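[1] Could you work out the structure for the sequence below:
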Amino acid sequence: MKRVINFLAILLIAFTTACASPNESEPSNSNRETPVVKAVRKIEKAVVNIRSEKIVQRQNPFGEGVFNDNFFNDFFGFSRSYKTQSLGSGVLIKSDGTIITNYHVVFEATKVIVMLAEDQTYEAEYVGGDEILDIAILKIKNAKTEFPTAITGDSDDIMLGETVIAMGNPYGLNSSITTGIVSSTNRVINVGNGYSVFLQTDALINPGNSGGPLVNLDGEVIGINTAIFKEAQGIGFSIPVNTVLRILPEIMTNGRIRMGYMGFTVTEKKSDDEAKLVVTRVEQKSNANYIGVEKGDEIIQVAGIPVSSLQALSNMLRSYPPGSSVSVVLKRGEKTLKGKMAISDYPDNYGIKVLKNNYGLDFTQEGKFIVLTDTDEKDFFQKGDILIAINNKEIKNLKDLNRIIVDSLGEVVVLSIYREKALIRIKLPL
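    All right, here's what the predicted structure looks like:
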(Lines give C-alpha, C1' and ligand atoms only; values in the text may rest on other atoms or scores of the structure.)
Protein backbone atom coordinates (compact mmCIF):
# COMPACT_ATOMS: atom_id res chain seq x y z
CA MET A 1 0.00 0.00 0.00
CA LYS A 2 2.85 2.36 0.86
CA ARG A 3 4.47 1.67 -2.55
CA VAL A 4 1.20 2.59 -4.30
CA ILE A 5 0.96 5.90 -2.41
CA ASN A 6 4.58 6.75 -3.26
CA PHE A 7 3.93 5.95 -6.93
CA LEU A 8 0.85 8.22 -6.97
CA ALA A 9 2.88 11.02 -5.36
CA ILE A 10 5.52 10.73 -8.08
CA LEU A 11 2.81 10.92 -10.77
CA LEU A 12 1.31 14.01 -9.14
CA ILE A 13 4.69 15.80 -9.02
CA ALA A 14 5.38 14.91 -12.65
CA PHE A 15 1.96 16.16 -13.72
CA THR A 16 2.40 19.42 -11.81
CA THR A 17 5.84 19.96 -13.34
CA ALA A 18 4.52 19.25 -16.83
CA CYS A 19 1.71 21.77 -16.39
CA ALA A 20 4.08 24.41 -15.09
CA SER A 21 6.83 24.00 -17.68
CA PRO A 22 5.06 25.77 -20.59
CA ASN A 23 4.57 28.91 -18.45
CA GLU A 24 8.19 28.88 -17.42
CA SER A 25 9.23 28.77 -21.06
CA GLU A 26 7.16 31.92 -21.86
CA PRO A 27 8.96 35.26 -21.50
CA SER A 28 8.16 37.11 -18.26
CA ASN A 29 6.46 40.52 -18.42
CA SER A 30 8.64 41.80 -15.57
CA ASN A 31 11.31 43.19 -17.93
CA ARG A 32 8.84 44.58 -20.47
CA GLU A 33 6.55 46.36 -18.04
CA THR A 34 8.79 49.39 -17.65
CA PRO A 35 7.95 52.59 -15.75
CA VAL A 36 7.06 54.15 -19.11
CA VAL A 37 4.51 51.39 -19.82
CA LYS A 38 2.95 51.82 -16.37
CA ALA A 39 2.75 55.60 -16.77
CA VAL A 40 1.11 55.34 -20.21
CA ARG A 41 -1.53 52.96 -18.85
CA LYS A 42 -2.53 55.50 -16.22
CA ILE A 43 -3.26 58.29 -18.67
CA GLU A 44 -3.81 56.93 -22.18
CA LYS A 45 -7.63 56.93 -21.96
CA ALA A 46 -7.61 60.64 -21.08
CA VAL A 47 -5.71 61.63 -24.25
CA VAL A 48 -8.04 62.67 -27.08
CA ASN A 49 -7.93 63.52 -30.76
CA ILE A 50 -9.26 66.94 -31.76
CA ARG A 51 -10.54 67.77 -35.23
CA SER A 52 -11.47 71.41 -35.76
CA GLU A 53 -13.29 72.76 -38.80
CA LYS A 54 -12.96 76.33 -40.01
CA ILE A 55 -14.70 78.27 -42.77
CA VAL A 56 -12.23 80.33 -44.80
CA GLN A 57 -13.48 83.14 -47.02
CA ARG A 58 -11.61 83.47 -50.30
CA GLN A 59 -11.22 87.17 -51.06
CA ASN A 60 -11.55 88.96 -54.39
CA PRO A 61 -7.89 89.18 -55.55
CA PHE A 62 -8.58 92.53 -57.23
CA GLY A 63 -9.83 94.10 -54.00
CA GLU A 64 -13.12 95.61 -52.95
CA GLY A 65 -15.11 97.42 -55.62
CA VAL A 66 -13.45 95.65 -58.55
CA PHE A 67 -15.78 93.16 -60.26
CA ASN A 68 -17.84 93.53 -57.09
CA ASP A 69 -20.88 91.97 -58.71
CA ASN A 70 -22.54 88.66 -57.91
CA PHE A 71 -22.30 87.52 -61.54
CA PHE A 72 -18.55 88.16 -61.78
CA ASN A 73 -17.94 86.75 -58.30
CA ASP A 74 -19.79 83.53 -59.15
CA PHE A 75 -18.26 83.25 -62.62
CA PHE A 76 -14.65 83.83 -61.60
CA GLY A 77 -14.96 82.15 -58.22
CA PHE A 78 -14.31 85.28 -56.16
CA SER A 79 -15.41 85.50 -52.51
CA ARG A 80 -16.08 81.80 -52.16
CA SER A 81 -15.93 80.14 -48.79
CA TYR A 82 -14.44 76.73 -48.20
CA LYS A 83 -13.98 74.43 -45.25
CA THR A 84 -10.59 73.50 -43.79
CA GLN A 85 -9.65 71.06 -41.05
CA SER A 86 -6.84 70.95 -38.53
CA LEU A 87 -5.89 68.06 -36.29
CA GLY A 88 -4.41 68.07 -32.84
CA SER A 89 -4.57 66.43 -29.45
CA GLY A 90 -5.89 67.26 -26.01
CA VAL A 91 -6.19 65.84 -22.51
CA LEU A 92 -9.26 65.41 -20.31
CA ILE A 93 -8.75 67.01 -16.90
CA LYS A 94 -12.28 66.81 -15.50
CA SER A 95 -14.80 63.99 -15.61
CA ASP A 96 -17.43 66.42 -16.96
CA GLY A 97 -15.57 66.53 -20.30
CA THR A 98 -13.29 69.54 -19.76
CA ILE A 99 -10.29 69.35 -22.09
CA ILE A 100 -7.00 71.27 -22.32
CA THR A 101 -5.41 71.79 -25.73
CA ASN A 102 -3.44 74.42 -27.67
CA TYR A 103 -5.13 77.62 -28.79
CA HIS A 104 -3.77 77.26 -32.33
CA VAL A 105 -5.42 73.83 -32.65
CA VAL A 106 -8.93 75.33 -32.37
CA PHE A 107 -8.29 78.92 -33.50
CA GLU A 108 -11.37 80.32 -35.31
CA ALA A 109 -12.95 76.85 -35.43
CA THR A 110 -16.63 76.72 -36.32
CA LYS A 111 -16.94 73.11 -35.17
CA VAL A 112 -14.81 70.92 -32.91
CA ILE A 113 -15.03 67.12 -32.83
CA VAL A 114 -13.33 65.14 -30.07
CA MET A 115 -12.47 61.44 -30.41
CA LEU A 116 -11.64 59.48 -27.28
CA ALA A 117 -9.18 56.61 -27.01
CA GLU A 118 -11.98 54.06 -27.45
CA ASP A 119 -13.21 55.74 -30.66
CA GLN A 120 -16.25 57.51 -29.19
CA THR A 121 -16.77 60.88 -30.87
CA TYR A 122 -18.37 63.98 -29.39
CA GLU A 123 -18.85 67.58 -30.39
CA ALA A 124 -17.12 70.04 -28.08
CA GLU A 125 -17.61 73.74 -27.40
CA TYR A 126 -14.89 76.34 -27.03
CA VAL A 127 -14.92 77.65 -23.46
CA GLY A 128 -12.07 80.13 -23.79
CA GLY A 129 -8.32 80.51 -24.10
CA ASP A 130 -5.34 82.74 -24.68
CA GLU A 131 -3.50 83.08 -27.98
CA ILE A 132 -0.22 84.29 -26.48
CA LEU A 133 0.03 81.44 -23.96
CA ASP A 134 -1.36 79.05 -26.63
CA ILE A 135 -3.84 77.47 -24.24
CA ALA A 136 -7.50 76.69 -24.95
CA ILE A 137 -10.20 74.99 -22.90
CA LEU A 138 -12.91 72.87 -24.51
CA LYS A 139 -15.89 71.07 -23.02
CA ILE A 140 -17.74 68.10 -24.47
CA LYS A 141 -21.33 69.06 -25.29
CA ASN A 142 -24.29 67.30 -23.68
CA ALA A 143 -22.06 64.97 -21.67
CA LYS A 144 -24.17 62.20 -20.15
CA THR A 145 -21.35 60.14 -18.68
CA GLU A 146 -18.21 60.62 -16.66
CA PHE A 147 -15.01 60.63 -18.68
CA PRO A 148 -11.57 59.29 -17.78
CA THR A 149 -9.31 62.06 -16.52
CA ALA A 150 -5.62 62.70 -16.20
CA ILE A 151 -3.85 63.50 -12.94
CA THR A 152 -1.84 66.72 -12.95
CA GLY A 153 1.61 66.93 -11.41
CA ASP A 154 3.79 69.84 -10.29
CA SER A 155 5.80 71.46 -13.08
CA ASP A 156 7.80 73.40 -10.48
CA ASP A 157 9.14 70.08 -9.21
CA ILE A 158 10.91 68.69 -12.27
CA MET A 159 14.47 67.40 -12.41
CA LEU A 160 16.82 68.03 -15.31
CA GLY A 161 17.40 64.71 -17.03
CA GLU A 162 14.09 63.30 -15.76
CA THR A 163 12.42 60.87 -18.15
CA VAL A 164 9.23 62.23 -19.71
CA ILE A 165 6.64 60.95 -22.18
CA ALA A 166 5.08 63.10 -24.91
CA MET A 167 1.63 61.76 -25.77
CA GLY A 168 -0.97 62.62 -28.37
CA ASN A 169 -3.78 61.23 -30.49
CA PRO A 170 -3.08 63.07 -33.75
CA TYR A 171 -5.13 61.22 -36.35
CA GLY A 172 -7.61 59.27 -34.28
CA LEU A 173 -5.26 56.29 -34.44
CA ASN A 174 -5.04 56.02 -30.65
CA SER A 175 -1.87 56.88 -28.80
CA SER A 176 1.22 58.46 -30.28
CA ILE A 177 3.97 58.08 -27.69
CA THR A 178 7.56 59.32 -27.63
CA THR A 179 9.99 59.44 -24.73
CA GLY A 180 12.88 61.68 -23.82
CA ILE A 181 14.36 63.67 -20.97
CA VAL A 182 13.83 67.17 -19.61
CA SER A 183 16.52 69.45 -21.05
CA SER A 184 15.37 72.71 -19.44
CA THR A 185 12.65 73.68 -16.99
CA ASN A 186 12.58 77.41 -17.79
CA ARG A 187 13.37 77.87 -21.46
CA VAL A 188 12.43 81.43 -22.49
CA ILE A 189 11.62 81.63 -26.20
CA ASN A 190 10.37 84.36 -28.52
CA VAL A 191 7.42 82.69 -30.24
CA GLY A 192 6.50 85.62 -32.48
CA ASN A 193 4.03 87.33 -30.16
CA GLY A 194 6.49 87.83 -27.33
CA TYR A 195 8.52 85.73 -24.92
CA SER A 196 7.08 82.70 -23.16
CA VAL A 197 8.45 80.08 -20.78
CA PHE A 198 8.51 76.40 -21.72
CA LEU A 199 9.72 73.04 -20.56
CA GLN A 200 12.21 71.72 -23.11
CA THR A 201 12.57 68.04 -23.93
CA ASP A 202 14.16 65.88 -26.60
CA ALA A 203 10.96 63.83 -26.85
CA LEU A 204 9.65 64.22 -30.40
CA ILE A 205 6.52 66.41 -30.64
CA ASN A 206 4.88 66.29 -34.05
CA PRO A 207 2.34 68.95 -35.13
CA GLY A 208 -0.52 66.48 -34.65
CA ASN A 209 0.57 65.96 -31.05
CA SER A 210 0.07 69.65 -30.22
CA GLY A 211 -2.20 69.96 -27.21
CA GLY A 212 -1.35 66.52 -25.86
CA PRO A 213 0.20 66.00 -22.42
CA LEU A 214 3.83 65.75 -21.36
CA VAL A 215 3.83 63.10 -18.65
CA ASN A 216 6.27 62.03 -15.92
CA LEU A 217 6.92 58.43 -14.89
CA ASP A 218 4.20 58.66 -12.24
CA GLY A 219 1.67 59.15 -15.04
CA GLU A 220 1.08 62.80 -14.10
CA VAL A 221 0.64 65.64 -16.60
CA ILE A 222 3.47 68.15 -16.16
CA GLY A 223 3.01 70.07 -19.42
CA ILE A 224 0.93 70.64 -22.55
CA ASN A 225 2.93 69.97 -25.71
CA THR A 226 3.13 72.59 -28.43
CA ALA A 227 4.71 72.17 -31.86
CA ILE A 228 5.81 75.78 -32.27
CA PHE A 229 9.06 75.13 -34.13
CA LYS A 230 8.54 72.70 -36.98
CA GLU A 231 12.18 73.10 -38.05
CA ALA A 232 13.54 72.30 -34.57
CA GLN A 233 14.48 68.64 -35.01
CA GLY A 234 15.04 66.75 -31.78
CA ILE A 235 13.71 69.58 -29.60
CA GLY A 236 10.23 69.67 -28.10
CA PHE A 237 8.53 72.33 -26.02
CA SER A 238 5.75 72.06 -23.49
CA ILE A 239 3.73 74.67 -21.57
CA PRO A 240 4.22 74.03 -17.82
CA VAL A 241 1.05 72.58 -16.32
CA ASN A 242 1.25 74.96 -13.34
CA THR A 243 0.87 77.84 -15.80
CA VAL A 244 -2.26 76.19 -17.18
CA LEU A 245 -3.73 75.49 -13.74
CA ARG A 246 -3.21 79.11 -12.64
CA ILE A 247 -5.23 80.49 -15.54
CA LEU A 248 -7.80 77.67 -15.74
CA PRO A 249 -10.36 79.18 -13.30
CA GLU A 250 -10.02 82.54 -15.06
CA ILE A 251 -10.74 81.02 -18.48
CA MET A 252 -13.58 78.83 -17.18
CA THR A 253 -15.24 81.91 -15.62
CA ASN A 254 -14.50 84.67 -18.13
CA GLY A 255 -13.53 82.84 -21.32
CA ARG A 256 -10.25 84.74 -21.39
CA ILE A 257 -7.40 85.97 -19.22
CA ARG A 258 -7.77 89.23 -17.32
CA MET A 259 -4.47 91.01 -16.88
CA GLY A 260 -3.56 91.66 -13.26
CA TYR A 261 -2.59 94.98 -11.67
CA MET A 262 0.64 95.47 -9.69
CA GLY A 263 0.72 99.24 -9.40
CA PHE A 264 3.83 100.35 -11.26
CA THR A 265 4.77 101.34 -14.79
CA VAL A 266 8.09 100.61 -16.45
CA THR A 267 10.07 101.68 -19.47
CA GLU A 268 12.45 99.63 -21.57
CA LYS A 269 15.98 101.04 -21.77
CA LYS A 270 18.43 99.68 -24.32
CA SER A 271 22.15 100.13 -24.79
CA ASP A 272 24.66 98.46 -27.09
CA ASP A 273 25.19 95.48 -24.83
CA GLU A 274 22.04 95.19 -22.72
CA ALA A 275 18.37 95.94 -22.26
CA LYS A 276 16.65 96.52 -18.96
CA LEU A 277 13.31 97.47 -17.43
CA VAL A 278 13.24 100.51 -15.17
CA VAL A 279 10.33 101.57 -12.95
CA THR A 280 9.11 105.04 -13.96
CA ARG A 281 6.10 105.37 -11.67
CA VAL A 282 4.64 103.70 -8.58
CA GLU A 283 0.94 104.20 -7.82
CA GLN A 284 0.09 105.25 -4.28
CA LYS A 285 -1.55 102.56 -2.11
CA SER A 286 -0.80 99.93 -4.77
CA ASN A 287 0.67 96.46 -4.30
CA ALA A 288 4.03 97.67 -5.60
CA ASN A 289 3.97 100.61 -3.20
CA TYR A 290 3.11 98.26 -0.33
CA ILE A 291 6.24 96.10 -0.77
CA GLY A 292 8.51 99.12 -1.26
CA VAL A 293 9.06 99.38 -5.02
CA GLU A 294 10.52 102.79 -5.92
CA LYS A 295 10.92 104.87 -9.06
CA GLY A 296 14.25 104.04 -10.70
CA ASP A 297 14.32 100.40 -9.55
CA GLU A 298 15.42 97.93 -12.22
CA ILE A 299 13.32 94.78 -12.61
CA ILE A 300 15.63 91.76 -12.80
CA GLN A 301 13.32 88.75 -12.45
CA VAL A 302 9.64 87.92 -12.25
CA ALA A 303 8.60 84.45 -11.04
CA GLY A 304 12.25 83.40 -11.15
CA ILE A 305 12.60 84.26 -14.84
CA PRO A 306 14.87 87.07 -16.10
CA VAL A 307 12.95 89.84 -17.89
CA SER A 308 14.46 92.67 -19.91
CA SER A 309 11.65 93.76 -22.24
CA LEU A 310 8.10 95.04 -21.87
CA GLN A 311 6.81 92.17 -23.99
CA ALA A 312 8.56 89.58 -21.81
CA LEU A 313 7.12 91.16 -18.66
CA SER A 314 3.62 91.34 -20.13
CA ASN A 315 3.69 87.71 -21.24
CA MET A 316 5.03 86.57 -17.89
CA LEU A 317 2.24 88.32 -16.01
CA ARG A 318 -0.45 86.81 -18.28
CA SER A 319 -0.17 83.57 -16.33
CA TYR A 320 -0.69 85.33 -12.98
CA PRO A 321 -4.33 86.47 -12.92
CA PRO A 322 -5.90 88.71 -10.25
CA GLY A 323 -5.89 86.98 -6.89
CA SER A 324 -2.49 85.34 -7.34
CA SER A 325 0.96 86.54 -6.29
CA VAL A 326 4.38 86.52 -7.92
CA SER A 327 7.98 86.80 -6.76
CA VAL A 328 10.02 89.77 -8.02
CA VAL A 329 13.72 90.63 -7.89
CA LEU A 330 14.73 94.29 -8.14
CA LYS A 331 18.04 96.11 -8.36
CA ARG A 332 18.44 99.47 -6.62
CA GLY A 333 21.93 100.84 -7.05
CA GLU A 334 24.21 98.09 -5.78
CA LYS A 335 21.46 96.39 -3.76
CA THR A 336 19.39 93.40 -4.87
CA LEU A 337 15.91 93.33 -3.37
CA LYS A 338 13.46 90.43 -3.31
CA GLY A 339 9.76 90.38 -2.56
CA LYS A 340 6.41 88.76 -3.26
CA MET A 341 3.80 90.96 -4.89
CA ALA A 342 0.04 90.40 -4.90
CA ILE A 343 -1.81 90.65 -8.21
CA SER A 344 -5.17 92.43 -8.12
CA ASP A 345 -7.80 93.73 -10.53
CA TYR A 346 -7.06 96.96 -12.36
CA PRO A 347 -8.81 100.05 -10.99
CA ASP A 348 -11.88 101.19 -12.89
CA ASN A 349 -11.11 102.92 -16.21
CA TYR A 350 -7.37 102.29 -15.83
CA GLY A 351 -6.92 101.65 -19.56
CA ILE A 352 -8.67 104.89 -20.46
CA LYS A 353 -6.44 106.73 -17.96
CA VAL A 354 -3.33 105.23 -19.62
CA LEU A 355 -4.37 106.77 -22.95
CA LYS A 356 -5.04 110.08 -21.22
CA ASN A 357 -1.80 110.17 -19.19
CA ASN A 358 0.53 108.91 -21.93
CA TYR A 359 -0.91 110.55 -25.04
CA GLY A 360 -3.51 113.04 -23.90
CA LEU A 361 -6.20 111.01 -25.68
CA ASP A 362 -9.64 111.60 -24.25
CA PHE A 363 -12.47 109.46 -25.63
CA THR A 364 -16.17 109.72 -24.90
CA GLN A 365 -19.25 107.78 -25.98
CA GLU A 366 -21.60 109.61 -28.32
CA GLY A 367 -24.49 107.36 -29.22
CA LYS A 368 -23.06 104.24 -30.84
CA PHE A 369 -19.64 105.80 -31.44
CA ILE A 370 -16.45 106.26 -29.41
CA VAL A 371 -15.30 109.78 -30.28
CA LEU A 372 -12.00 111.53 -29.53
CA THR A 373 -12.70 114.84 -27.76
CA ASP A 374 -9.13 115.91 -26.93
CA THR A 375 -5.54 114.97 -27.80
CA ASP A 376 -1.93 116.05 -27.26
CA GLU A 377 -0.81 114.06 -30.33
CA LYS A 378 -2.12 116.46 -32.98
CA ASP A 379 0.25 115.09 -35.64
CA PHE A 380 -1.59 111.77 -35.59
CA PHE A 381 -5.03 112.36 -34.05
CA GLN A 382 -7.75 114.94 -34.53
CA LYS A 383 -10.74 115.90 -32.43
CA GLY A 384 -13.79 114.11 -33.78
CA ASP A 385 -11.89 110.95 -34.75
CA ILE A 386 -14.10 107.88 -34.33
CA LEU A 387 -12.42 104.82 -32.81
CA ILE A 388 -13.60 101.73 -34.69
CA ALA A 389 -11.29 98.97 -33.46
CA ILE A 390 -8.05 98.14 -31.66
CA ASN A 391 -5.98 95.27 -33.05
CA ASN A 392 -8.95 94.49 -35.33
CA LYS A 393 -11.21 94.01 -32.28
CA GLU A 394 -14.36 96.11 -32.55
CA ILE A 395 -14.85 98.82 -29.92
CA LYS A 396 -18.54 99.24 -29.13
CA ASN A 397 -18.29 101.15 -25.84
CA LEU A 398 -15.85 102.58 -23.30
CA LYS A 399 -15.86 99.29 -21.40
CA ASP A 400 -14.49 97.53 -24.51
CA LEU A 401 -11.88 100.26 -24.90
CA ASN A 402 -10.74 99.97 -21.29
CA ARG A 403 -10.54 96.17 -21.37
CA ILE A 404 -8.53 95.94 -24.59
CA ILE A 405 -6.05 98.60 -23.46
CA VAL A 406 -5.54 96.84 -20.11
CA ASP A 407 -5.11 93.47 -21.83
CA SER A 408 -2.54 95.00 -24.22
CA LEU A 409 -0.33 96.87 -21.75
CA GLY A 410 3.33 96.49 -22.69
CA GLU A 411 2.46 95.88 -26.34
CA VAL A 412 2.12 97.99 -29.48
CA VAL A 413 -1.54 98.27 -30.47
CA VAL A 414 -3.08 99.37 -33.76
CA LEU A 415 -5.97 101.82 -33.52
CA SER A 416 -8.42 101.88 -36.44
CA ILE A 417 -9.74 105.44 -36.76
CA TYR A 418 -12.55 106.67 -39.03
CA ARG A 419 -11.93 110.25 -40.20
CA GLU A 420 -13.62 112.11 -43.05
CA LYS A 421 -14.76 108.98 -44.89
CA ALA A 422 -11.29 107.42 -44.58
CA LEU A 423 -10.02 104.58 -42.39
CA ILE A 424 -6.70 105.35 -40.73
CA ARG A 425 -4.56 102.95 -38.71
CA ILE A 426 -2.19 104.29 -36.06
CA LYS A 427 0.34 102.26 -34.04
CA LEU A 428 0.52 103.12 -30.37
CA PRO A 429 3.01 101.66 -27.82
CA LEU A 430 1.40 101.11 -24.41
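
[2] contacts, neighbours, all on C-alpha from now
    Fine.

[3] where in the stretch 251-400 of the chain is pLDDT low?
    Across the stretch 251-400 of the chain, the ranges flagged by pLDDT under 70 are 272.

[4] Can you list the residue ranges for strands in it?
    When assigned using DSSP state E, counting those that start in this stretch, the strands of the stretch 251-400 of the chain occupy the ranges 264-270, 275-282, 298-302, 305-306, 325-332, 335-342, 362-366, 369-374, 386-390, 393-394.

[5] Adding distance to residue 406 and mean neighbour count as columns, could you present those strands in TSV?
    Written out in TSV, the entries for the strands of the stretch 251-400 of the chain read as follows (distance: least, C-alpha to C-alpha, whole Å; neighbours: other C-alpha atoms under 10 Å):
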stretch	distance to residue 406	mean neighbour count
strand 264-270	12	16
strand 275-282	17	18
strand 298-302	19	21
strand 305-306	23	16
strand 325-332	18	17
strand 335-342	17	15
strand 362-366	15	16
strand 369-374	17	19
strand 386-390	12	21
strand 393-394	14	14
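
[6] For those, could you give me TSV that also reports distance to residue 156?
    Compiled in TSV, the strands of the stretch 251-400 of the chain are given as follows (distance: least, C-alpha to C-alpha, whole Å):
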stretch	distance to residue 156
strand 264-270	27
strand 275-282	26
strand 298-302	15
strand 305-306	13
strand 325-332	14
strand 335-342	17
strand 362-366	44
strand 369-374	45
strand 386-390	36
strand 393-394	36
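
[7] Tell me, how many residues neighbour residue 333?
    Taking other C-alpha atoms under 10 Å as the neighbour definition, residue 333 ends up with a count of 9.

[8] before we move on, what about residue 392?
    Considering only other C-alpha under 10 Å, residue 392 is surrounded by 11 other residues.

[9] doesn't residue 114 fall inside a helix?
    No: remark: residue 114 does not belong to a helix; assigned using DSSP: H, G, I helix; E, B strand; the rest coil, it is strand.

[10] Which strand runs longest in this structure?
    Across the chain, the strand with the greatest residue count (assigned by DSSP state E) is strand 176-190.

[11] same for it, what does it pack against?
    Using 3 or more C-alpha pairs under 8 Å, 6 or more residues apart in numbering; DSSP states H and E as the contact definition, the elements that strand 176-190 packs against are strand 163-168, strand 195-201.

[12] give the contact list for the residue nearest to residue 128 when sequence neighbours are not counted.
    Leaving aside its sequence neighbours, residue 128 sits nearest to residue 255 (C-alpha to C-alpha, 6 or more residues apart in numbering; 3.9 Å). Contact analysis of residue 255 by C-alpha atoms under 8 Å, 6 or more residues apart in numbering lists 127-129.

[13] Residue 255 and residue 262: what is the separation?
    22 Å (C-alpha to C-alpha, to the nearest Å).

[14] what do you get for residue 373?
    Residue 373 sits 30 Å away from residue 262, taking C-alpha to C-alpha as the criterion.

[15] again, but for residue 353
    16 Å.

[16] Ok, residue 284 next?
    Taken as C-alpha to C-alpha, the spacing of residue 284 relative to residue 262 amounts to 11 Å.

[17] Determine the three-state secondary structure at residue 415.
    Reduced to three states with three-state DSSP, the structure at residue 415 is strand.

[18] Now it: closest residue in space, sequence neighbours ignored.
    Here the nearest residue to residue 415 in space, its sequence neighbours aside, is residue 390; by C-alpha to C-alpha, 6+ apart that works out to 4.6 Å.

[19] if I look at the residue lying closest to residue 346 once chain neighbours are set aside, how far off is residue 283?
    Counting by C-alpha to C-alpha, 6+ apart, the nearest residue to residue 346 once its immediate chain neighbours are dropped is residue 261, at 4.9 Å. With the distance defined as C-alpha to C-alpha, residue 261 ends up 11 Å from residue 283.
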